[in-house]
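Visitor: The amino acid sequence is not available; the structure is as follows:
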Ligand SMILES: NC(=O)C1=CN([C@@H]2O[C@H](COP(=O)(O)OP(=O)(O)OC[C@H]3O[C@@H](n4cnc5c(N)ncnc54)[C@H](O)[C@@H]3O)[C@@H](O)[C@H]2O)C=CC1
Ligand SMILES: CC(=O)C(=O)O
Ligand SMILES: [Mg+2]
């Protein structure tokens with residue numbers, strides 16, 4: 001292999017780098033570039049004299065400038081574009097800015113703004129660091145992974161989408177690469193995964209989005225989504241190539257359509273180290289919020305009745321993990337499943353053979369005998385209001401992408417039977433939330449305990465300020481990825497997902513009305529480290545860890561990349577950061 005422009009040397013949180021190039025190239029490599037922070041001595045040493053304005057600005061000053069520039073960018077999508085440019089110019093500055101203003105920048109680099117950026121991908125296109133794989137050229141997969149210039153030990157994580165179910169905005173074709181890039185940013189900001197050690201990948205299998213197919217600017221394959229055997233063979237080819245080129249990398253699947261999400265996870269979970277964020281990451285964070293809410297009510301999980309509105313990728317993932325946790329409370333699988341009612345666009349999942357429910361949904365089917373006794377509006381489609389009226393749920397979870405579907409009538413009905421209903425409108429982006437926290441609190445006179453998918457501002461009602469928990473898988477996947485990397489886990493077990501949920505829940509002691517059910521996004525680094533330690537310990541307990549855990553706290557901390565300018569080793573010399 002040709003000499004690489006730089007090598008990250010072991011130790012010092014990934015911040016000792018050997019530079020193998022010279023001059024202006026250095027400014028074009030985001031991991032090496034310090035822009036105006038290069039001191040005069042460094043500029044001489046590295047051949048950068050005359051390529052930068054005279055005045056040196058250390059990192060602190062650059063942060064001030066970048067933040068000022070960020071604030072001046074007008075709309076959220078302009079802020080997104082600014083940050084995208086910054087990330088591609090200067091890795092350290094971007095991640096330092098993100099870490100220092102996490103709650104302000106996350107909604108830009110992640111949900112909700114990322115949804116808009118994905119929809120506008122082809123118009124706003126600028127080169128991105130990721131891999132584009134075409135179903136029409138499966139023979140190129142391996143070469144494309146190798147074209148990243150990374151070798152077997154360089155990659156911890158592949159973040160992969162086929163873009164069929166991006167957030168709640170559906171099929172977005174090749175633009176889905178941006179969700180992988182957004183997740184990558186969160187992995188680094190939250191858990192310190194080295195940004196160089198992750199590769200975003202889009203599997204371009206075509207799109208059924210007619211607006212994209214009819215858009216001259218659209219950059220992906222111009223044909224309908226390929227399904228069936230060819231699709232499965234393409235995914236299998238990808239997995240085989242990934243195993244060959246990056247044998248130690250976990251494969252993170254993101255935003256696949258419901259069928260493929262569950263099927264792919266089932267196919268590969270016992271074969272490779274893999275994880276579906278929408279199914280398992282969401283499940284862990286939602287379970288954590290439910291555990292916090294249930295214990296705030298002085299109850300147990302087994303005392304609850306759960307209604308899942310939107311029995312798709314995320315909804316069924318949540319139900320499956322809750323069933324595992326209910327079994328830990330002593331219920332049988334059947335008893336645990338009996339506490340769930342799940343709805344889809346076709347209404348309540350029942351054993352009605354005339355309805356086309358999917359296999360993974362049928363695990364939660366209710367018997368026709370049970371519902372025959374219900375008083376319902378339309379027996380042909382038992383909707384959410386019927387379910388709530390007949391079940392009196394204590395927990396209502398929204399993963400349907402149907403904005404406003406938690407109506408005032410449904411919520412007041414639920415709250416008429418439960419002192420503190422747990423109501424989680426989880427759909428993203430913000431515009432797709434099933435209800436707003438302000439409405440939920442107003443309709444329940446402040447009694448509802450709420451968690452949302454996208455961020456919402458606190459709500460004040462009758463003198464109480466309610467912090468709204470953001471039940472987003474961002475509280476889980478970064479720590480999970482870090483725990484897997486530290487332990488070099490060869491599989492992601494159900495136990496590791498449950499451990500992640502319990503780790504998040506352990507960080508919340510619900511003491512006063514209005515408190516959030518989950519730790520704040522501001523605390524993401526602490527949350528992720530806690531999740532990582534729990535996951536690594538569980539990997540060891542489950543016999544899937546390749547690296548022994550001698551001192552998990554130290555091992556996790558050591559592995560976390562810090563956004564500071566690295567020590568550059570240039571030839572035989574050391575180019576020290578920030579000295580003039
Ligand atoms: N907060 C978080 O961390 C996460 C939130 N989500 C959100 O959940 C939503 C769904 O995502 P996925 O599960 O990936 O999508 P999906 O397409 O797999 O599932 C959506 C489900 O909603 C059902 N549905 C559609 N209309 C309905 C209606 N009127 N009533 C009841 N059910 C209906 C569909 O039949 C389908 O089963 C999205 O908005 C997504 O952003 C997803 C993953 C993580
Ligand atoms: C958060 C996330 O993964 C989703 O909305 O799909
Ligand atoms: Mg997702």
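Guide: Looks like it arrived, so ask away. Since we're looking at a predicted model, the values are computed, not measured. Ligands and ions are numbered 1, 2, ... in the order given.
Visitor: near ligand 2, anything from the helix or strand containing residue 396?
Guide: For residue 396, the host element (DSSP states H and E) is strand 395-398. No. On the criterion C-beta under 6 Å from any ligand atom, strand 395-398 is out of touch with ligand 2, staying 11.8 Å away. Placement of C-beta: from N, CA and C, glycine included.
Visitor: Please name every helix or strand in contact with the next helix or strand after that strand.
Guide: Following strand 395-398 in sequence order, the next helix or strand is helix 408-415 (DSSP H and E). Contacts defined by 3 or more C-beta pairs under 8 Å, 6 or more residues apart in numbering; DSSP states H and E place helix 408-415 against helix 384-391, helix 437-443.
Visitor: So which of the ones you listed is nearest residue 23?
Guide: For residue 23, the closest of those is helix 437-443, at 53.5 Å, according to C-beta to C-beta.
Visitor: In its sheet, which strands sit next to the next helix or strand after the closest one, and in what direction?
Guide: Where DSSP H and E defines the elements, the next helix or strand beyond helix 437-443 is strand 449-452. With DSSP bridges as the test, strand 449-452 is paired with strand 422-425 (parallel), strand 469-470 (parallel).
Visitor: Need the winner for burial among those.
Guide: strand 422-425 (a mean of 29; mean count of other C-beta atoms under 10 Å).
Visitor: quick one, phi psi at the residue of the stretch 351-500 of the chain at minimum distance from ligand 3?
Guide: In the stretch 351-500 of the chain, the residue that lies nearest ligand 3 is residue 473 (6.8 Å; C-beta to the ion). Backbone torsions for residue 473, taken as degrees, to the nearest 10, come to phi -60, psi -10.
Visitor: touching ligand 1 at all, stretch 460-468?
Guide: No. Residues of stretch 460-468 contacting ligand 1 under C-beta under 6 Å from any ligand atom: none, with a closest distance of 12.4 Å.
Visitor: one step back: and of the helices and strands packed on helix 408-415, who's closest to ligand 2?
Guide: helix 437-443 (17.2 Å; C-beta to the nearest ligand atom).
Visitor: Now do the closest one: distance to the chain's middle.
Guide: 27 Å (C-alpha atoms, centre = their mean, to the nearest Å).
Visitor: what sits up against it?
Guide: 406, 408, 411-412, 415, 423, 425, 448, 450, 452, 456, 459, 461, 466, 468 (C-beta atoms under 8 Å, 6 or more residues apart in numbering).
Visitor: Please identify the pairing partners of the strand or helix carrying residue 18 and their relative orientation?
Guide: Following DSSP H and E, one finds residue 18 within strand 16-19. In the sheet, strand 16-19 lines up against strand 6-8 (antiparallel), strand 567-570 (parallel) (DSSP bridges).
Visitor: least reliable of those strands going by mean pLDDT?
Guide: Across these, strand 567-570 has the smallest mean pLDDT, namely a mean of 90.
Visitor: Run the chain-centre distance for it.
Guide: 34 Å.
Visitor: go on, stretch 61-80?
Guide: So, by C-alpha atoms, centre = their mean, the centroid of stretch 61-80 is 24 Å from its chain's centroid.
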